[in-house]
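Student: Sequence plus the predicted model coming up.
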Number of protein chains: 2
Amino acid sequence: MGIKISEGRKKEIILGFYQLSKVNGLENTSIAKIGKHLGMPPSLVMHYFPTREILISNLISYILQQMLLIYQPMLKELETQNYADPHTFVDRLFSRDWNLLLDDGVFYSCYSLIFRNKRIKDEYRVLHEKLREYLKDILDRDENLTGKDTELLSEQIFVVVEGAYYYLSMFDDPEVYEQKVTIFKNQVYDLLRKYEVQHL
Amino acid sequence: MGIKISEGRKKEIILGFYQLSKVNGLENTSIAKIGKHLGMPPSLVMHYFPTREILISNLISYILQQMLLIYQPMLKELETQNYADPHTFVDRLFSRDWNLLLDDGVFYSCYSLIFRNKRIKDEYRVLHEKLREYLKDILDRDENLTGKDTELLSEQIFVVVEGAYYYLSMFDDPEVYEQKVTIFKNQVYDLLRKYEVQHL
DNA sequence: TATAATATTGAATGGGTGTTCAATTTATGA
DNA sequence: TCATAAATTGAACACCCATTCAATATTATA
């Protein structure tokens, strides 16, 4: 059972780290603060994560894992029914459910670390390639797209999605936000349509 | 001349801050380190920037200003000739000259602050809106696009550009990088073409 | 129950942090 | 030249940081 306690503690610490980072920022969240937040001495935190770097590395793994969770229901549907509607998938990508699972501030703080840490960069890249493969799987099951370069299409769709997330984060006004979401969603629909039309 | 010394010092400090952040990261660059780097006591740094927050705020203004510089030659051309080729503009957006003027690591570190600081968020938004207006100006001068929704088009072009920057930062292999750049550049060209074709 | 492994504590370390302040040097303007 | 203002210095502050370590408590194993 020792291992279970250990794993539980680790999860607890990472989650505490994440929650405090959400409020105060990654750079202002110290090991001492995490300890206080969880009611344990900082030395216990360091017992499970020997250095701060390791702690951050684990936080990033957690975050990227959370990102994958957003696609989970869609992928389940894909497996059971052997089909998933690309448009529904795109809708989900643009939905705000996202924010419930993953805080943008923490996410981009961690992202900015890729420029000075190769391992983090690789982890981010692998995740993003995985996301594109998922979408490709969905597109491949769509009969309107058979024989099309779905790899290219999923690359083009995701670049719009990621650019949209980046840009939309700057807007607080819900009305403006929604208006812009619509624009980018349509942009993705246009991409899908373009490929579908060529099929006829 | 007092004012000139003051302004010179301020620029010097911001630049030192930027350079150290490039190497060590924004979060690891302290006022003491900046002072040491520039051969001055930390108290002098704080004489010109009373708090660290103000210092960061000024660094961000500098960074966004640098970002505008990339567009300067293009905008000059627009003024003198009253025309600029949209495709050339897009090429410039995807060129690597960018990195000489602005480090991506520092840029995204600062970007991640928008989620906890409204003023920074507003400054980023204004900058991005400005960029889109510049592109709109260029598109408006193109006769192939007269009467078209150039505001929408520039919005759609930039979302691809920004998504591309975000995604491409994860790739070190120059070959893969170039291959992906080509994809996204073509994606933008397709957008332009789509609008141009509708015109005929 | 005895032993070994794991979990947890609390105190201590040295070093870095942003910031303050009074004193001093240098430049400016009358 | 003299007074005033600006620039610069260096020491000091309390605080927070990641990390270490030895001691203790709990749990697992035999």
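Tutor: That came through fine.
Student: ok, which residues in chain A are in contact with DNA strand C?
Tutor: A:2-3, A:5-6, A:9, A:40-44, A:47 (CB under 7 Å from any atom of the strand). Where C-beta positions appear, they are placed from N, C-alpha and C, glycine not excepted.
Student: Hmm, residue A:71 and residue A:134 touching each other?
Tutor: Yes: in terms of CB atoms under 8 Å, residue A:134 counts as a neighbour of residue A:71; the distance is 5.6 Å.
Student: How is chain A divided into domains?
Tutor: Chain A breaks down by automatic domain parsing into domains covering A:2-50, A:64-199.
Student: Pipe those into a markdown table and attach mean neighbour count, mean pLDDT and distance to DNA strand D per row.
Tutor: Listed next are the domains of chain A as a markdown table, based on neighbours: other CB atoms under 10 Å in any protein chain shown; pLDDT from 0 to 100; distance: least, CB to the nearest atom of the strand, whole Å:
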| stretch | mean neighbour count | mean pLDDT | distance to DNA strand D |
| --- | --- | --- | --- |
| domain A:2-50 | 16 | 94 | 3 |
| domain A:64-199 | 17 | 92 | 14 |
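Student: so can I have JSON lines of these showing distance to residue B:35?
Tutor: Output for the domains of chain A, formatted as JSON lines (distance: least, CB to CB, whole Å):
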{"stretch": "domain A:2-50", "distance to residue B:35": "20"}
{"stretch": "domain A:64-199", "distance to residue B:35": "22"}
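Student: wait, which of those domains is closest to residue B:127?
Tutor: domain A:64-199 (9.2 Å; CB to CB).
Student: OK, now which residue of chain A is nearest to DNA strand C?
Tutor: Nearest to DNA strand C, among the residues of chain A, is residue A:43, at 2.8 Å (CB to the nearest atom of the strand).
Student: which residues does that residue contact?
Tutor: By CB atoms under 8 Å, 6 or more residues apart in numbering or on different chains, the contact set of residue A:43 is empty.
Student: what's the spacing between it and chain B?
Tutor: Separation of residue A:43 from chain B (CB to the nearest CB, to the nearest Å): 24 Å.
Student: does that residue sit in a helix or strand, and which one?
Tutor: Per DSSP states H and E: residue A:43 is located in helix A:42-48.
Student: nearest residue to the most centrally placed residue in chain A other than its sequence neighbours?
Tutor: By CA atoms, centre = their mean, the mean C-alpha position of chain A lies nearest to residue A:67, the distance being 2.8 Å. With CB to CB, 6 or more residues apart in numbering or on different chains as the criterion, residue A:67 has its nearest non-adjacent residue at 5.9 Å, and that residue is residue A:102.
Student: got it, and residue A:150?
Tutor: Nearest to residue A:150 is residue A:139, by CB to CB, 6+ apart, at 4.0 Å.
Student: Pull the host helix or strand of the one you found out as PDB, backbone CA atoms only.
Tutor: Taking DSSP H and E as the criterion, residue A:139 maps to helix A:118-140. The C-alpha trace of helix A:118-140 is given here as PDB (Å, rounded to 0.1, in the frame of the first residue of the first chain):
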ATOM      1  CA  LYS A 118      14.300  20.600 -24.800                       C
ATOM      2  CA  ARG A 119      12.500  17.900 -22.900                       C
ATOM      3  CA  ILE A 120       9.500  20.100 -22.300                       C
ATOM      4  CA  LYS A 121       9.500  21.200 -26.000                       C
ATOM      5  CA  ASP A 122       9.500  17.500 -27.100                       C
ATOM      6  CA  GLU A 123       6.700  16.700 -24.700                       C
ATOM      7  CA  TYR A 124       4.600  19.600 -26.100                       C
ATOM      8  CA  ARG A 125       5.400  18.600 -29.700                       C
ATOM      9  CA  VAL A 126       4.400  14.900 -29.100                       C
ATOM     10  CA  LEU A 127       1.100  16.000 -27.600                       C
ATOM     11  CA  HIS A 128       0.300  18.300 -30.500                       C
ATOM     12  CA  GLU A 129       1.200  15.600 -33.000                       C
ATOM     13  CA  LYS A 130      -1.100  13.200 -31.100                       C
ATOM     14  CA  LEU A 131      -4.000  15.700 -31.300                       C
ATOM     15  CA  ARG A 132      -3.500  16.000 -35.100                       C
ATOM     16  CA  GLU A 133      -3.500  12.200 -35.400                       C
ATOM     17  CA  TYR A 134      -6.700  11.900 -33.500                       C
ATOM     18  CA  LEU A 135      -8.400  14.400 -35.900                       C
ATOM     19  CA  LYS A 136      -6.900  12.600 -38.900                       C
ATOM     20  CA  ASP A 137      -8.500   9.400 -37.600                       C
ATOM     21  CA  ILE A 138     -11.800  11.100 -37.500                       C
ATOM     22  CA  LEU A 139     -11.500  12.600 -40.900                       C
ATOM     23  CA  ASP A 140     -10.400   9.300 -42.400                       C
END
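Student: Toward the C-terminus from that helix, list the very next helix or strand.
Tutor: The helix or strand immediately downstream of helix A:118-140 is helix A:150-168, counting by DSSP H and E.
Student: Who are the packing partners of that following helix?
Tutor: If contacts are counted by 3 or more CB pairs under 8 Å, 6 or more residues apart in numbering or on different chains; DSSP states H and E, helix A:150-168 sits against helix A:86-94, helix A:118-140, helix A:174-199, helix B:150-168, helix B:174-199.
Student: Residue A:171: what secondary structure?
Tutor: Per DSSP: H, G, I helix; E, B strand; the rest coil, the local secondary structure of residue A:171 is coil.
Student: wait, it sits on residue B:126?
Tutor: No: in this structure, residue A:171 is not within contact of residue B:126 by CB under 8 Å, at 11.7 Å.
Student: circling back to that earlier point, touching, the residue nearest to residue A:67 and residue A:66? I think so.
Tutor: Yes: under the criterion of CB under 8 Å, residue A:102 makes contact with residue A:66 at 4.7 Å.
Student: what's near enough to touch whichever residue of chain A sits closest to chain B?
Tutor: Minimum separation of chain A from chain B (CB to the nearest CB) falls at residue A:163, amounting to 2.7 Å. Residue A:163 makes contact with A:184, B:158-164, B:166, according to CB under 8 Å, 6+ apart.
Student: Grab the nearest non-local neighbour of it.
Tutor: Residue nearest to residue A:163 in three dimensions, not counting chain neighbours: residue B:163, with 2.7 Å by CB to CB, 6+ apart.
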